[in-house]
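Asker: one predicted model, sequence on top.
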Amino acid sequence: MEQRYRYMLKQTLSFYKNRLRYHFIRLTSTISDNYIVFEAYAGRQYSDSVRAIYEELIQDEEFRSYYFIWVFEEPEKYLFLLENHHTILVRKGSSECLRYYASARYWINNVTVADYLKPAKAQIYIETWHGTPLKRLGCDITTDSDPRQTKKYMHRRYRKKGKKATCFLSPSPYYTEKITSAFCLSDKQQNAIAATGYPRNDKLFHCTEEEVAAWKEKWNIPADKKVLLYTPTWRDSYVDEQGRFIWHNDVDLPALMDALGNDYVLLFRSHHQIRNLANILDCPQIIDVSQAEDINELYLMSDLMITDYSSTMFDYANLKRPMVFHMFDRERYDEDIRGFYLPLEELPGPVTATIDELADAIRNQLQHFTYGETYKNFNAKFNPLEDGNSAHRVIEQCFTQVLHKRSFRENIVRYSRKTLNRIRILLQLLNYNVLGFFRSHGMMHNNNSLRLLELKNSHQGERCFLIGNGPSLNGDDLNLLQDEYTFGTNMVYKIFDKTNWRPSFHCVSDTIYGSKLGLELSDMIKAPLFTTERTYRRMRKKPVDTTYIHTIQSERYKVRGNIFAYCMIKATVLSLAAEMAFHMGFKEIYLLGVDCTNPHDKKGHFTDNYTTKEVAETDINRIKTRMKANTLTTKQIGEHIIDRSMEVYALLDEYSKKHGIRIYNATRGGNLEIFPRVKLEDVLNIKT
């Protein structure tokens, strides 16, 4: 009894501490419509219906601009998820985790979110739960057998959990009825239960023999063995001193395997609540698969499943394979621990109490199993919606494309952020201008500004070529420029295999390229690199010969003429290349490969594999955010990019004319007509 009250006191203190912390974070957060938070089994796994919904969403074009935040106790184990560049991993309970919970429009969970988390009215909390219940659940439990908490305390927690959820997913009318009573859902919430089926079971309908063979090889399961899967649930009455559920150790599995013989292999899958599994697996025929996160793989590898009161029976029934129900503590479980929702006579397989009965039932089921009326009625009652398309139905029924209306508090937060950002920019302007003034007069230099000083007028009166990455760029033209000063940009190195030309200097201004392609840039570009300070900071591997300039993010572009202070880069990396050329004293500048066409069209660059899908989609999403539009065609995005680029070129033209600099366009074709057109052969005095 003392242990129970210690546990409840600890839970209560933790609740208030974390609730206060979460509310403080929520006060300074605003809800983002394209953020979705995922958490499975309290952050311990990447599995269940939560995983199935995530994997469906990342394949859906409607959600390509969304960000998917996964909450894990150990996020470093799931770095493979970062292959999808819109996926973010956070540590459970961290401030970053709470910020995402406070700002995500959607929460998706399978064991209910932590008690201290409470969704705002505009947030949509989809509770998948983790199985159709045979044993009584939540407010339907009438016994007081849980040594951690009183029945009254537990019922109160379940009622609060039920009130939080916007939507419960349901695979059957039976499930809807039991979840409604277990969580004491109101009439309004009962209408919010979505009849979708269970997303986690979709994979059972979409699997190949090759996949099953690969999984068996992974777990070292001989192809000629009969595979048994044992999935026992936890017992409320078996807990350790920390209040964690422990394995009851009442089933002698080695004795079972001795009785069955060498033709069988047993896969032991403990319940996710069991943290400290006792050593019961000292038998070569038993394989512990408790760490397998996708239980569907175990279902599909097995020939028969053994369980007791676990909800796995309802999922496994979709395969129409034999099951045996080993209930050695049936009477005690029914009367003193949990109790059952339905008569055990409805179960589609034999119920056993001893190891000998279990062994006989396994042999009999594998030899004489038929998919009879009892089994058919079981699936009709508990799995009527399972067809392999549940995750798709969840997206159709539970996700809305309607933007939420910002609250008064959110508007205050957004206004405060904008104000603070303006103040930050003003301080940057003051700092950069003061430093720029002194540095242009030979004072207050650092290593970077000294490199800029060395570059100042280092090519006074000479000519150079600025190389874009448009579709007209080709290796033959670049071969003609091997003796000229040239500025390469972004990923021009993708053409290196078609030319002997290499740039004299290289320019990268976009932070996307710095963060996503920093390693490639460092390996491929050997020329001096010019970039912005923000991009330089984001490079994982920084090229040795790099010079950066400060920049101020703004839609208003102006050629300032003092690169010691800052440079306002906009729309195109050519603005950085041009201003560096001005700074270095070049008086005759030629553009090549500057087509000014849509970079996101099929032929937007000189090669189809110019950019990665990750970089392209990041750029598209940034444009959508800038234009405040979630749905834009590729044509509309291209028009936006071209319009902004033309504005920049017009201002560069205006500046160059005032300062005696001549800019010509030697690009073959394209849309840029601001600068006078010239033929590359004429510039180089090549006879054609």
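Answerer: Thanks, I have it. Numbers count the residues shown, from 1 in each chain.

Asker: residue 650 against residue 674, yeah?
Answerer: Yes. Using CB atoms under 8 Å, residue 650 makes contact with residue 674 at a distance of 5.8 Å. To be clear about C-beta, it is placed using only N, CA and C from the backbone, and glycine gets the same treatment.

Asker: looking at those two, which has the bigger crowd around it?
Answerer: Comparing residue 650 with residue 674 by other CB atoms under 10 Å, the one with more neighbours is residue 674, at 17 against 13.

Asker: number of residues surrounding residue 144?
Answerer: Other residues within reach of residue 144 by the criterion other CB under 10 Å amount to 14.

Asker: that one: what's it in contact with?
Answerer: Residue 144 makes contact with 150, 151, according to CB atoms under 8 Å, 6 or more residues apart in numbering.

Asker: can we see that at 6 Å?
Answerer: Neighbour list for residue 144: residue 151 [criterion: CB atoms under 6 Å, 6 or more residues apart in numbering].

Asker: secondary structure class of it, three-state.
Answerer: What DSSP: H, G, I helix; E, B strand; the rest coil gives for residue 144 is coil.

Asker: confirm that residue 117 lies within a strand, as I assumed.
Answerer: No. Looking at residue 117 with three-state DSSP, it is coil, so not inside a strand.

Asker: would you check how far apart residue 429 and residue 453 are?
Answerer: Residue 429 is 22 Å from residue 453, where distance means CB to CB, to the nearest Å.

Asker: and what of residue 604?
Answerer: 38 Å.

Asker: so which of the two has more stuff around it?
Answerer: Between residue 604 and residue 453, residue 604 has the larger neighbour count (other CB under 10 Å), namely 20 against 14.

Asker: just say helix, strand or coil for that one.
Answerer: Recorded secondary structure, residue 604: coil (three-state DSSP).

Asker: nearest residue to it other than its sequence neighbours?
Answerer: Nearest residue to residue 604, sequence neighbours excluded (CB to CB, 6 or more residues apart in numbering): residue 598, at 5.6 Å.

Asker: doesn't residue 636 make contact with the one you found?
Answerer: No. Residue 598 lies out of contact with residue 636 (CB atoms under 6 Å); the separation is 9.8 Å.

Asker: compare these two (neighbour count), which wins?
Answerer: Each of residue 598 and residue 636 has its neighbours counted (other CB under 10 Å); residue 598 has more, 19 against 15.

Asker: return the per-residue confidence for that one.
Answerer: As predicted, residue 598 sits at a pLDDT of 80.

Asker: wait, a helix at it?
Answerer: No. Checked against three-state DSSP, residue 598 lies outside a helix; its state is coil.

Asker: quick check: it vs residue 672, distance?
Answerer: 13 Å.

Asker: name the residues contacting each of those two.
Answerer: By CB under 6 Å, 6+ apart, no residue touches both residue 598 and residue 672.

Asker: wait, isn't residue 674 in contact with residue 649?
Answerer: Yes. Residue 674 lies in contact with residue 649 (CB under 6 Å); the separation is 4.8 Å.

Asker: and residue 522, which of the three is it?
Answerer: helix.

Asker: my guess is it contacts residue 543. True?
Answerer: Yes. Counting by CB under 6 Å, residue 522 touches residue 543, with 4.9 Å between them.

Asker: the two: who's more crowded?
Answerer: Neighbour count, other CB under 10 Å: between residue 522 and residue 543, residue 543 has more, with 20 against 17.

Asker: the more buried one: what's it in contact with?
Answerer: 522, 529 are the contacts of residue 543 under CB under 6 Å, 6+ apart.

Asker: ok, residue 587 next?
Answerer: Neighbours of residue 587 in contact, by CB under 6 Å, 6+ apart: 461, 661.

Asker: gap between it and residue 165?
Answerer: Distance of residue 587 to residue 165, given as CB to CB: 69 Å.

Asker: cool, and residue 439?
Answerer: According to CB to CB, residue 439 stands 59 Å off from residue 165.

Asker: which stretches of the stretch 201-350 of the chain form strands?
Answerer: Ranges of strands in the stretch 201-350 of the chain, per DSSP state E, counting those that start in this stretch, are 226-231, 264-268, 286-288, 304-307, 323-326.

Asker: repeat for the stretch 351-500 of the chain
Answerer: Counting by DSSP E, counting those that start in this stretch, the strands of the stretch 351-500 of the chain are 351-352, 463-467, 485-489.

Asker: the shortest one - what's its average pLDDT?
Answerer: The pLDDT scores in strand 351-352 average 93.

Asker: now it, how far from the centre of its chain.
Answerer: Centroid displacement of strand 351-352 relative to its chain, using CA atoms, centre = their mean, to the nearest Å, is 43 Å.

Asker: so for the spatially most central residue of the chain, what's the pLDDT?
Answerer: Centroid check for the chain by CA atoms, centre = their mean gives residue 87 as the closest residue, at 1.7 Å. Model confidence at residue 87, given as pLDDT, is 91.

Asker: any idea how far the residue nearest to residue 604 lies from residue 639?
Answerer: 8 Å.

Asker: can you check residue 15 too?
Answerer: Taken as CB to CB, the span from residue 15 to residue 639 is 53 Å.

Asker: what's the answer for residue 471, then?
Answerer: Using CB to CB, residue 471 is found at 17 Å from residue 639.

Asker: what of residue 364?
Answerer: If you measure residue 364 against residue 639 using CB to CB, the figure is 71 Å.

Asker: again with residue 171
Answerer: Taking CB to CB as the measure, residue 171 falls 47 Å from residue 639.

Asker: and those two? Which one has more around it.
Answerer: Between residue 171 and residue 639, residue 171 has the larger neighbour count (other CB under 10 Å), namely 27 against 13.
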